[in-house]
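1. coordinates only, no sequence provided:
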């Protein structure tokens, strides 16, 4: 018997419930995976709350990254074997114990990458990858601002930026989160609960501003993010944990001939070859110790609602995972 955490309607964490399911049979081109660890991300809360459109006509299984072990192969599957450790990132469908999934969405895990690390880093690590390698590509010697730097994506990005020789400024909420950020590649940290991040960026850059801002907060940070940019700077918005920036106008960019982009991870992973190549780069950085994946919260899969409460309450740092 398998079980899943589902939502039958949008709403708060009280809409999440556990149901029993039959273990699925893999179809042609699919494999059956027994999940060993599942990542928790803000995108999960966006779908649950209705901030993002409900993507199905019936009950929704949340969860966008997971790792596990292949237990059965469907017809026509090549390149994988029963017992292989694998991981994936896809929009929704991961909050369950067993899943039949097309093999094309999977990457094999190197020996040095644990299931928990993979589940905590597929979505967040590949997000950091496309932000820094496909959205705005910072060069050695440049300076960038990264909001929510103590979160799962932020901690990975800070280390990757340091490895690239980029000066990273990170914002975080409170002295403890700022201290954590400072240990993960950020040269400067700003406590947004007690400091004006725009003024601090101006001080740090001696009035020049930054080359780019990576912003997953949205409504609360959008105007200030633009004000932090130097002329011809770039704003990369990749989330909206405080709500969408509804007051955005194209004319806002004219102040400094700014560029703005709103990339989505799954558009990149849909491109042939990107998923495997980006995962290879991520796992290589992790394996060599240049990027450390911080799993700072673990919950049972059955306790997914509490994990959402902690995440939305901004009481977490690093990555959060569910254990079936």
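-> Arrived safely. Quantities reported herein were computed from a predicted structural model and do not represent experimental measurements.
2. residues in contact with the residue nearest to residue 218 when sequence neighbours are not counted?
-> Distances taken as C-beta to C-beta, 6 or more residues apart in numbering place residue 240 nearest to residue 218, at 3.2 Å, with adjacent residues excluded. (Each C-beta comes from the backbone N, C-alpha and C, glycine too.) The contact partners of residue 240, taken as C-beta atoms under 8 Å, 6 or more residues apart in numbering, are 46, 51, 216, 217, 218, 219.
3. tell me which element the fifth one is part of?
-> This means residue 218. Under the criterion DSSP states H and E, no helix or strand holds residue 218.
4. do you know how far it is from residue 262?
-> The spacing between residue 218 and residue 262, counted by C-beta to C-beta, to the nearest Å, is 10 Å.
5. the two - which one has more neighbours?
-> It is residue 218, of residue 218 and residue 262, that has more neighbours when counted by other C-beta atoms under 10 Å, with 20 against 13.
6. pretty sure the more buried one sits against residue 239.
-> Yes - in this structure, residue 218 is within contact of residue 239 by C-beta atoms under 8 Å, at 6.6 Å.
7. shared neighbours of the two, anything?
-> Both residue 218 and residue 239 lack any common contact, where contact means C-beta under 8 Å, 6+ apart.
8. for residue 218 and residue 262, list the residues in contact with both.
-> What both residue 218 and residue 262 touch, as defined by C-beta under 8 Å, 6+ apart, is the set residue 237.
9. tell me where the model's unsure across the protein.
-> Applying pLDDT under 70 to the chain flags no residue at all.
10. so where's the longest helix in it?
-> helix 115-130 (DSSP state H).
11. returning to what we had before: the residue nearest to residue 218 and residue 299, how far apart?
-> 24 Å.
12. again with residue 236
-> For residue 236 relative to residue 299 (C-beta to C-beta), the value is 30 Å.
13. neighbour-wise, which of the two wins?
-> Neighbour totals were compared for residue 236 and residue 299, and residue 236 leads with 22 against 18 (other C-beta under 10 Å).
14. got the buried residues for the helix or strand hosting that one?
-> Taking DSSP H and E as the definition, residue 236 sits inside strand 229-237. Of all the residues in strand 229-237, those buried under the rule 16 or more other C-beta atoms under 10 Å are 229, 230, 233, 234, 235, 236, 237.
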